[in-house]
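Chemist: Return atomic coordinates for the entry below.
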Amino acid sequence: MIASKIRPVLVVEDDPDLLEIMEIVLDSESYSVRKAFNGRDALIEARKEMPGLVLLDMQMPVMDGWEFAQRFREEFASRAPIVVITAATDARWRAEKIGAQGYLAKPFEIDDLISCVFKHYQKTQLADS
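Modeler: Okay, the predicted model is just below:
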């Protein structure tokens, strides 16, 4: 069997410090990471290379998480799971509202980030094989 291509994790976050931390953590766990500061840039990244998982902040300038999720699904259907990352108290509701596969409430522990990515990313890799 030929191994499927390992797809990157797309981190969509407008806080540059948090984005850098997430990139460092995921890189240390051997994930390929693509990043975007807003939904518009995230769509451009997804068109270049389909991610295996999208970690999506909801409140961003230019194009927020709500609009990104809608456009991403219109253009790519369900080719990558989305996990909402938000400081809002209603993280689960926000995730359900956009059809996300999961959520991670800010602030989060590094171990929670790693577990969440592992859980949702593995589903994509199994589906691709």
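
Chemist: all helices for the protein, in order.
Modeler: Along the chain, the segments classed as helices by DSSP state H run 16-28, 39-48, 65-76, 91-97, 110-128.

Chemist: Redo those helices as TSV? Include distance to L104 and mean neighbour count.
Modeler: (Each C-beta comes from the backbone N, C-alpha and C, glycine too.) TSV is the format used below for the helices of the chain (distance: least, C-beta to C-beta, whole Å; neighbours: other C-beta atoms under 10 Å):
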stretch	distance to L104	mean neighbour count
helix 16-28	10	15
helix 39-48	17	18
helix 65-76	13	18
helix 91-97	7	16
helix 110-128	5	15
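
Chemist: From V9, how far off is M22?
Modeler: 9 Å (C-beta to C-beta, to the nearest Å).

Chemist: Give me the common contacts of these two.
Modeler: 33, 55 (C-beta atoms under 8 Å, 6 or more residues apart in numbering).

Chemist: Since that was my last question, I'll sign off now.
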